[in-house]
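Asks: Sequence first, then the predicted structure:
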Amino acid sequence: MENCIFCKIVRGELPAFKVYDDGIFFGFLDIQPLNPGNVLLVPKKHYRWVYDVPEFGRYFETAKKIGLAAQRAVGADSINFLTVGEEVPHAHIRIIPRFKNDGGVMELVNIKTIEKPKMQEIAKLIIEKLDPS
């Protein structure tokens, strides 16, 4: 889709802190993270909703793989997977590392400010922690 922000990121027209690309799915750090290591995983082809993605099972297995890498990278206690889909009309899974003292229930308005060098460091750590299988 021409004007979709996530499609533009996938095409390289907008910058992103890329952590994953297998030709089908593309993962990048959320620039409005709810916690450090918050990744958005999108299909490279435009689909409106997560349930529209033909490889639904693979989509969630990929999210798990990235989530575990993000958890190791930032030392999180657990991971949440969120698929609201109202903010951007392109299927996406929010992968959110969670910490014991991060405030409990995640609200999409509790955005953290993380400087660009730290974002680059986190992206690099996630890539390093990805299980190659």
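Replies: Here it is on my side, so go on. Numbering: from 1, shown residues only.

Asks: Now do the SS call for the residue nearest to L14 when sequence neighbours are not counted.
Replies: Leaving aside its sequence neighbours, L14 sits nearest to K8 (CB to CB, 6 or more residues apart in numbering; 4.6 Å). C-betas here are computed from N, CA, C, even on glycine. At K8 the chain is in helix, as set by DSSP: H, G, I helix; E, B strand; the rest coil.

Asks: ok, how many other residues are close to K8?
Replies: 15 (other CB atoms under 10 Å).

Asks: you'd agree it is up against A16?
Replies: No. Counting by CB atoms under 8 Å, K8 does not reach A16; the two are 9.4 Å apart.

Asks: can you confirm I127 is in a helix?
Replies: Yes. According to three-state DSSP, I127 belongs to a helix.

Asks: Next, work out how far apart it and I96 are.
Replies: 18 Å (CB to CB, to the nearest Å).

Asks: Good, we can wrap up now.
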